[in-house]
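would you be able to build a 3D model of this:
(chains A and B, ligands or ions: 2)
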Amino acid sequence: MLAVETQKLSRSFGELRAVQQLDLAIEKGEIFGFLGSNGAGKTTTISMLTGQLGASAGVARVMGLDVSIDSKALSHMIGVVFEYPNLYLRLTAYQNLHFAAQLYDVPSARIDVLLERMGLTDRAHDRVNEFSSGMKQKLLIARALVHQPSVLFLDEPTSGLDPSFARGIRELVKSLREDGTTVFLTTHYMDEAEQLCDRVAFIEQGEIVLQGAPKDLKRAFGMPLVKVELKDGNAATLSLEIEEDRRQLAVWSESNNLLSIHSQEASLEDVFVEAVGKPIEA
Amino acid sequence: MKLWLVIARKDLLQAVHNRYFIGVLIFSLLISAGLSIFEFDLPTSEENVLQQVDFQTLMFSLAAFSPFALISAFVVPMMMVEEKEWQTIRFLLVSPASIVDVIAGKTFAGIVFCLATSGIGIIFSGEAASGLSVGSLAVLALGSVLFTGVGLLSTSFCRTSLQANTWAGIPLIVLFFGLIGELLPRGSELTELAKFIPAHSASVLLRMSLNGSLNMEELAIDAIYLAAWIAAIYSLTIWSYRHTVHD
Ligand SMILES: Nc1ncnc2c1ncn2[C@@H]1O[C@H](COP(=O)(O)OP(=O)(O)OP(=O)(O)O)[C@@H](O)[C@H]1O
Ligand SMILES: [Mg+2]
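Ligands and ions are numbered 1, 2, ... in the order given. Got it, this is the predicted structure:
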């Protein structure tokens, strides 16, 4: 059984086709990255997969459950970290988690475990409207994990966070892999996807344009490049696949003008530009 | 614990930290207390329309139901619209709770607010409250369900607290009109109209239970009429939220 499976999943808002003909097959325990510009359809996809939004066409199954039918059973299987920090601001961190624990019928001992794991123990009894956005994000993740879901959906979990908070959250996502949790995350950040994800899919105007393991994509799409530094102070990036570049390299080599040569791998960003035709817009 | 009870508990907890709610609740309490400590000495000889009703119990029923109207207009809608504004409704809907659990939770919290404020108000009222019976309490409970339902339904399409506060005023006026219906001149068209407002039935039932003047036929009609309104309002509320909370 796949953790997430969709066939021709589509959603329109009036004329606008937000998600079109989405085919996904995500294995259990995988960290799957969904990359796309603003308005590409990432949140709409998560909303459909988590049963918040009906599909216009197609089917979606999460842990074998049809998301449009088995909403109660589905709710125990999934955790959602929303794009917007939708916490109860008047309640404390502890009260927010306690409410979630009661909804999912989880013993309250779990709350302390999560607060500890997220480094929020000291602030447990402070009201959430006093929290920084990084702390809210951690609490949001803690809440989504309260019932130990099989599939965790994270909608731009590190957007707007400083690098150290973002790293903490990435470490946490990695640690979920050890528990066997499947992670579906959306992001604008290529490095993040490259570091974290077993597989990624690029979505543009509601359609998947490319998907695969970051390594494979880079190999398939990236051209072997070399970065050349010259003794005269100039520098250049050349492709070994282009004849003109190869000739130029030979010329520099013969005239003893080369200072250093570094091989340069294509980044996921390059692959995205190649596949989509323009860089990702955050 | 039942899911709706979990939600109600959360809402009651949030209310403690909500200055706006506390303000409305205190205001309701003052109105209720103010109305119920009024002592009216009506000259019995005069040809006064007011004579025809037991004025003291009418004031008592106003004192009991006024806080309901205020809570239904300013507290209940806010409980729901804040979930939309903060998008916490999304969290509720991906959790095991259904929209019916959410509505039931808010209703329960609404009933608690209503009964607590008018209960304290009634304590001030002295003599009129002496007729208070189990029947009166049942009518008050039923009334709080009605008023809370009106608050939920009338603002179900609102997305922001500003919209909710604007719209909630309309049912507030209608409900008040139902409550004071019997103060209007008898036989006028307005009075006849007021009788159709379910708040009027609640008020009539409360006075009957206070007076102990039980006219079984009238009791049955008003009770059934009120129950039918409550059923209709909640069916519509559930329907409406099912169609508005998603996307
Ligand atoms: N409820 C809605 N009603 C109408 N249009 C919508 C609705 N929700 C989303 N859309 C539209 O669908 C498209 C996809 O939106 P979506 O929120 O899924 O994008 P996204 O990839 O999550 O973008 P971002 O990176 O900005 O979060 C957008 O054009 C958006 O305007
Ligand atoms: Mg989004």
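
how many residues are close by the closest residue to residue B:133 other than its chain neighbours?
Distances taken as C-beta to C-beta, 6 or more residues apart in numbering or on different chains put residue B:209 closest to residue B:133, at 5.8 Å, once the chain neighbours are dropped. All C-beta atoms are positioned from the backbone trio N, CA, C, and that covers glycine. By other C-beta atoms under 10 Å in any protein chain shown, the residues close to residue B:209 number 23.

dump the residue contacts of residue B:209.
B:131, B:133, B:135-136, B:138-139 (C-beta atoms under 8 Å, 6 or more residues apart in numbering or on different chains).

for residue A:47, same thing?
Taking C-beta under 8 Å, 6+ apart as the test, what residue A:47 contacts is residue A:53.

just read off the phi/psi values of it.
Main-chain dihedrals, residue A:47, degrees, to the nearest 10: phi -60, psi -40.

before we move on, the earlier item: switch the contacts of residue B:209 over to CSV; also include neighbour count.
Output for the contacts of residue B:209, formatted as CSV (neighbours: other C-beta atoms under 10 Å in any protein chain shown):
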residue, neighbour count
B:131, 16
B:133, 11
B:135, 17
B:136, 21
B:138, 14
B:139, 27
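
is residue A:23 in a helix, a strand, or coil?
strand (DSSP: H, G, I helix; E, B strand; the rest coil).

give me the number of residues near it?
Residue A:23: 13 neighbours (other C-beta under 10 Å).

cool, residue A:118 as well?
Residue A:118: 23 neighbours (other C-beta under 10 Å).

got the phi and psi for the residue lying closest to it once chain neighbours are set aside?
Leaving aside its sequence neighbours, residue A:118 sits nearest to residue A:138 (C-beta to C-beta, 6+ apart; 4.3 Å). Phi and psi for residue A:138, reported as degrees, to the nearest 10, are phi -60, psi -40.

what pLDDT does residue B:128 get?
We have a pLDDT of 58 for residue B:128.

no, scratch that, I was asking about residue A:242
Looking at residue A:242, its pLDDT is 85.

that one and ligand 1, how far apart?
Counting by C-beta to the nearest ligand atom, to the nearest Å, the gap from residue A:242 to ligand 1 is 35 Å.

quick revisit: residue contacts, the residue nearest to residue A:118?
Applying C-beta under 8 Å, 6+ apart to residue A:138 gives the contacts A:118-120, A:165, A:168-169.

with residue B:200 instead?
Contacts for residue B:200 (C-beta under 8 Å, 6+ apart) come out as B:178-179, B:181-182, B:194.

filter those by proximity to chain A?
Among the contacts of residue B:200, proximity to chain A is found for none (C-beta under 8 Å from any C-beta of the partner chain).

which two of these have the greatest separation?
Farthest-apart pair in the contacts of residue B:200 is B:178 and B:182; separation 9.8 Å (C-beta to C-beta).

give me the element the residue nearest the centre of chain B is part of.
When C-alpha atoms, centre = their mean is applied to chain B, the residue found nearest the centroid is residue B:147 (3.0 Å). Element membership of residue B:147 [criterion: DSSP states H and E] is helix B:134-154.

ok now that helix, how far from the chain's centre?
5 Å (C-alpha atoms, centre = their mean, to the nearest Å).

please name every helix or strand in contact with it.
Here helix B:134-154 touches helix B:55-74, helix B:76-85, helix B:99-123, helix B:161-179, helix B:198-211, helix B:216-244, going by 3 or more C-beta pairs under 8 Å, 6 or more residues apart in numbering or on different chains; DSSP states H and E.

pull the CA atoms of the lengthiest helix in chain A into PDB?
Secondary structure of chain A per DSSP state H: the longest helix is helix A:163-179. Presented in PDB, the C-alpha positions along helix A:163-179 are these (Å, rounded to 0.1, in the frame of the first residue of the first chain):
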ATOM      1  CA  PRO A 163      18.300  29.900   9.300                       C
ATOM      2  CA  SER A 164      18.800  28.300  12.700                       C
ATOM      3  CA  PHE A 165      15.100  27.800  13.300                       C
ATOM      4  CA  ALA A 166      14.800  26.500   9.800                       C
ATOM      5  CA  ARG A 167      17.600  24.000  10.400                       C
ATOM      6  CA  GLY A 168      16.000  22.900  13.600                       C
ATOM      7  CA  ILE A 169      12.800  22.100  11.700                       C
ATOM      8  CA  ARG A 170      14.600  20.300   9.000                       C
ATOM      9  CA  GLU A 171      16.400  18.200  11.600                       C
ATOM     10  CA  LEU A 172      13.100  17.400  13.100                       C
ATOM     11  CA  VAL A 173      11.600  16.300   9.700                       C
ATOM     12  CA  LYS A 174      14.600  14.100   9.200                       C
ATOM     13  CA  SER A 175      14.100  12.500  12.600                       C
ATOM     14  CA  LEU A 176      10.500  11.700  11.600                       C
ATOM     15  CA  ARG A 177      11.900   9.400   8.900                       C
ATOM     16  CA  GLU A 178      13.300   7.200  11.700                       C
ATOM     17  CA  ASP A 179       9.800   6.800  13.100                       C
END
